[in-house]
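S.K.: here is my input, please return the structure:
(chains A and B)
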Amino acid sequence: SQQGEEDPQALSIQEGENATMNCSYKTSINNLQWYRQNSGRGLVHLILIRSNEREKHSGRLRVTLDTSKKSSSLLITASRAADTASYFCATDAGGGSEKLVFGKGTKLTVNP
Amino acid sequence: DVKVTQSSRYLVKRTGEKVFLECVQDMDHENMFWYRQDPGLGLRLIYFSYDVKMKEKGDIPEGYSVSREKKERFSLILESASTNQTSMYLCASREGGPLYEQYFGPGTRLTVT
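M.R.: From the prediction side, this is the model:
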């Protein structure tokens, strides 16, 4: 079952620009997480935002959460070529489940 | 740092073979997961385990089984490999419930011919 859906599917920007990716989900959540995956590698956790938080920062990353719209956004400021990767949102499946449900990801390309 | 290792980065097997994918974590995590990742489909959960000898089916368990005899090791077994099981397989571990981050291994790219 698909919970989070990222938008856009692909994004290409120039180095130094900001990149914004969005995630929408269907059911109530306790938290939402963002992960990065470099090509052909495992996923790396970036940031977790709880349902009672609206915004969170970590270095050049800014995550917002709007539970009324069931959506989140990930902003990467002053992007670098090394930020080129796929970015996934993940939400808990609800109902006390141990599972995280991942979206299909946004493929970000940062051109030098 | 948490380390999650997978036994192989690349694996090529023949149809009908029994395939074992091994995953080991070094942080005493309770929960371990197996996902497969396919283009256009994202990550899909195959099985997870929340304790030794405990397992629970994920979203796509058909054709797979798992084993967790020791806390640090979680094995994915393809009883009789088929070509539609060609995929990237990702293992992950987590300290507690869904409020904790998941740590992923580097992945095993399995090709079944």
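
S.K.: low-confidence regions, chain B specifically.
M.R.: B:2 (pLDDT under 70).

S.K.: let's check: the centremost residue of it is which one?
M.R.: The residue lying closest to the centre of chain B (CA atoms, centre = their mean) is B:Trp34, at 2.8 Å.

S.K.: wasn't that one part of a strand?
M.R.: Yes: remark: B:Trp34 belongs to a strand, assigned using DSSP: H, G, I helix; E, B strand; the rest coil.

S.K.: residues in contact with it?
M.R.: Listed by CB atoms under 8 Å, 6 or more residues apart in numbering or on different chains, the contact set of B:Trp34 reads B:21, B:23, B:45-48, B:58, B:64, B:66, B:74, B:76, B:89-91. Bear in mind the C-beta positions are built from the backbone N, C-alpha and C, glycine included.

S.K.: going through those, which ones are buried?
M.R.: Listed as buried from those are B:21, B:23, B:45-48, B:58, B:64, B:66, B:74, B:76, B:89-91; burial here means 16 or more other CB atoms under 10 Å in any protein chain shown.

S.K.: which of the residues you listed are close to chain A?
M.R.: Taking CB under 8 Å from any CB of the partner chain, the overlap between those and the neighbourhood of chain A is B:Leu45, B:Phe48, B:Gly58, B:Leu90.

S.K.: give me the residues contacting stretch B:69-82.
M.R.: Contacts of stretch B:69-82 (CB under 8 Å, 6+ apart): B:13-26, B:28-30, B:32-34, B:46-47, B:49, B:51-53, B:63-68, B:85, B:89, B:91, B:93, B:110, B:112.

S.K.: any buried residues in it, and which?
M.R.: With burial defined by 16+ other CB under 10 Å, the residues of stretch B:69-82 counted as buried are B:Glu72, B:Phe74, B:Ser75, B:Leu76, B:Leu78, B:Ala81.

S.K.: start to end distance for that stretch?
M.R.: For stretch B:69-82, the first-to-last residue distance is 26 Å (CA to CA, to the nearest Å).

S.K.: with stretch B:98-113 instead?
M.R.: For stretch B:98-113, the end-to-end distance is 36 Å (CA to CA).

S.K.: for that stretch, buried residues please.
M.R.: For stretch B:98-113, the neighbour count (16+ other CB under 10 Å) marks B:Pro98, B:Tyr100, B:Glu101, B:Gln102, B:Tyr103, B:Phe104, B:Gly105, B:Gly107, B:Thr108, B:Arg109, B:Leu110, B:Val112 as buried.

S.K.: am I right that the last one is in contact with B:Arg14?
M.R.: Yes: using CB atoms under 8 Å, B:Val112 is in contact with B:Arg14, at 7.2 Å.

S.K.: partner strands of the longest strand seen in chain B, with direction?
M.R.: Counting by DSSP state E, the longest strand found in chain B is strand B:42-51. If you go by DSSP bridges, strand B:42-51 pairs up with strand B:31-38 (antiparallel), strand B:54-57 (antiparallel).

S.K.: dump the ones you listed to CSV, plus distance to A:Leu46.
M.R.: Listed next are the strands paired with strand B:42-51 as CSV, based on distance: least, CB to CB, whole Å:
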stretch, distance to A:Leu46
strand B:31-38, 18
strand B:54-57, 26
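
S.K.: these: which one's closest to A:Trp34?
M.R.: strand B:31-38 (16.6 Å; CB to CB).

S.K.: from the chain's centre, how far out does the strand or helix carrying B:Phe74 sit?
M.R.: In this assignment (DSSP states H and E), B:Phe74 forms part of strand B:73-78. In terms of CA atoms, centre = their mean, to the nearest Å, the centre of strand B:73-78 is set 6 Å apart from its chain centre.
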